[in-house]
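K.L.:
Fold the following for me, if possible:
(2 chains)
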Amino acid sequence: MSKTELRLTGSGGQGVILATVILAEAAVLAGKYTAQSQSYGPEARGGSCKAEVLISEEPIAFTKVQNPTLLMALTQKSLEQYTKKLPDSCRILMDDSLVLPENIDRSRVTALPILRTAKEEIKKAMTANIIAVGAINSILHLVPDDVLRSAVMMHVPKGTEALNAKALECGLNLLERQQETKEGAEREDS
Amino acid sequence: MGKTVLMQGNEACVEGALAAGMRLYAGYPITPSTEIAELSALRLPQEGGKFIQMEDEIASIACAIGASVAGVKSMTATSGPGFSLKQENIGYACLAEIPLVIVDVQRTGPSTGMPTSPAQGDVMMARWGTHGDHPIIVLCPSSVKETYDLTVRSFNLSEKYRTPVILLMDEIIGHLREGMELPDPEELEIIDRPTVRFPEPKRLPYHMKKGQTVPAMAPFGCGQRYNITGLIHDETGFPTNSHEEAEKLMYRLMHKISDNYDDIVRSEERNTEDADTLIVCYGGTMRAATEAMERAREKGMKVGIFRPITIWPFPERELKKLSGKVKKILVAEHNYGQIVLEVERIVKNDCKVDFIGKVNGTVITPDELVKKLEEAE
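P.N.:
Here you go, the predicted structure:
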């Protein structure tokens, strides 16, 4: 199967829809097929929000996620809600401030400091979605990083390019940084 | 060949409308059609057109009708609740023969229902929502690219036949983003209404010259003064109680559409050559049906798809040809059973007609369709 199916969840206002739009844009730029959609309640902010993007080498008929490759959760509520019915093959990317439900096998989970990095390093909580996009690409290698950089630039407001470029780089490096920290800690332990 | 861009169904509707010559959009925003209003507000001034947000849906369609009477290609977009409100003026545009495109991005439920969820519950309303016998053309896209193409086509048919055309979308396609190749607008066929450009004081506004499909239209403001009414009228444009004139007008209105079936009606067939089971679906439901058909074929089932693109007038000649060849038809739609009634009327006893519908705000999945197909084996 050459189809990647991503489900990004969080609360309204966190930019999870934009994150899927950016990934879809990157897919188009990379010459792939894509389908992006979202579901949310009537409220613009605060309600729970789910956005989906499929990326494939083949034309996409059904446009919704059926067999998710990766679930991302940025809030505790969305993590608990969307991990209920999840195939075993689905990876989970969650913010590391969240508490993993007990029945979930840790080996399939990547917990990264997405929200904290936005707040403390970029000093703009709103950039969490751009960091997330970078983190997802570092896990799944969906498109070349350069293509992703272009896609981000096409969808961020004027005047915020530098900030978002920095957020994306942070996102792209989060996984590696975490692994280095872990290895460092293990070395100290031994 | 244009380049491939990422576009949302609602955005493709606006770009198609602009390419077709839309220069006025009047609307009242409503989910899931709001992006059509948003993008029209941004794009129309760039193309020398006008965007106006009216106080409600009734005023919006009235404004679009007025602009069209003045010679400007006009569009309004809404969802179910607003579509209900627009019905009266759709009838007015039918009878007064005013070209107009009305977009309905369907959402779930009667009343205000579920604003952000998909459904296809307005199919019969699109046909019969306004009172009295009237002709109507309704088109139904199943991809972002087709939304662009059918918006252009909606304007063309509306201009050619001087009649309102409804682009019946659903949330599945309206809110879907996918890659689409943007056509070069110069390569598109664009049809403009037959027009009287300069005043001809003795001209009867609804008089048809030989060979014309509809009377030529003089834009208000060009100097030609004439009456437009929602009452049954004769060639002068003024109301009449003459039964002969009423008969003549109604016949002409109905027949300008039904006599041009071949020009207006479009449908798509997939794998119908050897199919013994036919899925009949339209709009966003096509996406699940396509995957279900592919999976069913992998299991050895001979499944094909018949998809009305023009949903009104319904492509009954094409369906009738197929219904004699297959054993069973499965109608899939996001409602409690609307087009299935039309299918049953056409198919009669040719084959069995089965139905799968959904009205809970989620989409019919390929799994559900495959299961339904297997049950019937």
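
K.L.:
Next up, the contacts around the residue in the stretch 251-377 of chain B that chain A sits nearest to.
P.N.:
When you check the stretch 251-377 of chain B against chain A by C-beta to the nearest C-beta, the closest residue turns out to be B:T290, at 3.8 Å. Every C-beta, even on glycine, is put in place using the N, C-alpha and C of the backbone. Neighbouring residues of B:T290 by C-beta atoms under 8 Å, 6 or more residues apart in numbering or on different chains: A:A61, A:F62, B:R270, B:I305.

K.L.:
Could you turn the buried ones of these into a ChimeraX selection?
P.N.:
Restricted to buried positions by 16 or more other C-beta atoms under 10 Å in any protein chain shown, the ChimeraX selection for those reads:
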select /A:61,62 /B:270,305
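
K.L.:
Just the ones of the contacts of B:T290 in strands?
P.N.:
B:R270, B:I305 (DSSP state E).

K.L.:
which stretches of the chain have low pLDDT?
P.N.:
As the question left the chain open, I've gone with chain A. Across chain A, the stretches falling below the confidence threshold (pLDDT under 70) are A:1, A:41-46, A:190.

K.L.:
not what I meant, chain B
P.N.:
In chain B (pLDDT under 70), the answer is B:1.

K.L.:
Name the residues of it found near chain A, please.
P.N.:
Near chain A, the residues belonging to chain B are B:4-6, B:31, B:115-117, B:172, B:175-179, B:287-288, B:290-291, B:294, B:363, B:365-367 when assessed by C-beta under 8 Å from any C-beta of the partner chain.

K.L.:
change it to 7 Å
P.N.:
B:4-6, B:115-116, B:175-179, B:287-288, B:290-291, B:363, B:365-366 (C-beta under 7 Å from any C-beta of the partner chain).

K.L.:
mind checking which helix or strand the residue of the stretch 1-150 of chain B found nearest chain A is in?
P.N.:
In the stretch 1-150 of chain B, the residue found nearest to chain A is B:L6; the distance is 4.6 Å by C-beta to the nearest C-beta. Following DSSP states H and E, one finds B:L6 within strand B:4-8.

K.L.:
Sheet partners, orientation included, of that strand?
P.N.:
With DSSP bridges as the test, strand B:4-8 is paired with strand B:177-181 (antiparallel).

K.L.:
What residues sit buried inside the partner strand?
P.N.:
Residues of strand B:177-181 classed as buried: B:R177, B:E178, B:G179, B:M180 (neighbour count, 16+ other C-beta under 10 Å).

K.L.:
Please confirm that B:I61 is located within a strand.
P.N.:
No. Counting by DSSP: H, G, I helix; E, B strand; the rest coil, B:I61 is not part of a strand but helix.

K.L.:
ok, the residue of the stretch 1-150 of chain B closest to chain A - contacts?
P.N.:
Counting by C-beta atoms under 7 Å, 6 or more residues apart in numbering or on different chains, B:L6 makes contact with A:A24, A:E25, A:V28, B:R177, B:G179.

K.L.:
so it bridges to which residues?
P.N.:
Beta-bridge partners of B:L6, as defined by DSSP bridges: B:G179.

K.L.:
Can you report how many residues neighbour the closest residue to A:S78 other than its chain neighbours?
P.N.:
With sequence-adjacent residues excluded and distances taken as C-beta to C-beta, 6 or more residues apart in numbering or on different chains, A:S78 is closest to A:T9, at 3.7 Å. A:T9 has 23 neighbours, counted by other C-beta atoms under 10 Å in any protein chain shown.

K.L.:
so what secondary structure elements neighbour the biggest helix by length in chain A?
P.N.:
The longest helix of chain A (DSSP state H) is helix A:161-189. Using 3 or more C-beta pairs under 7 Å, 6 or more residues apart in numbering or on different chains; DSSP states H and E as the contact test, the elements touching helix A:161-189 are strand A:109-112, helix A:128-140, helix A:145-155.

K.L.:
From the ones you listed, pick the one with the highest average neighbour count.
P.N.:
Of all those, helix A:128-140 carries the top mean neighbour count, a mean of 25, counting by mean count of other C-beta atoms under 10 Å in any protein chain shown.

K.L.:
ok so, going back, for the strand holding B:L6, output the C-alpha coordinates as PDB.
P.N.:
Listed in PDB are the C-alpha atoms of strand B:4-8, where the atom choice follows Å, rounded to 0.1, in the frame of the first residue of the first chain:
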ATOM      1  CA  THR B   4      -1.700  21.300 -10.600                       C
ATOM      2  CA  VAL B   5      -2.800  23.200  -7.500                       C
ATOM      3  CA  LEU B   6      -4.200  22.200  -4.200                       C
ATOM      4  CA  MET B   7      -7.800  23.500  -4.100                       C
ATOM      5  CA  GLN B   8     -10.900  23.100  -2.000                       C
END
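
K.L.:
Can I get stretch B:161-175 as CSV, trimmed to CA atoms?
P.N.:
Listed in CSV are the C-alpha atoms of stretch B:161-175, where the atom choice follows Å, rounded to 0.1, in the frame of the first residue of the first chain:
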residue,chain,number,x,y,z
TYR,B,161,-31.6,28.4,-21.8
ARG,B,162,-32.2,31.6,-19.7
THR,B,163,-33.0,29.6,-16.6
PRO,B,164,-31.7,29.2,-13.1
VAL,B,165,-29.3,26.3,-12.7
ILE,B,166,-28.6,24.7,-9.4
LEU,B,167,-25.1,23.4,-8.6
LEU,B,168,-26.0,20.8,-6.0
MET,B,169,-22.8,20.1,-4.0
ASP,B,170,-22.4,18.3,-0.7
GLU,B,171,-20.1,18.9,2.3
ILE,B,172,-17.9,16.0,1.2
ILE,B,173,-16.8,17.8,-2.0
GLY,B,174,-17.3,21.3,-0.8
HIS,B,175,-14.8,20.9,2.0
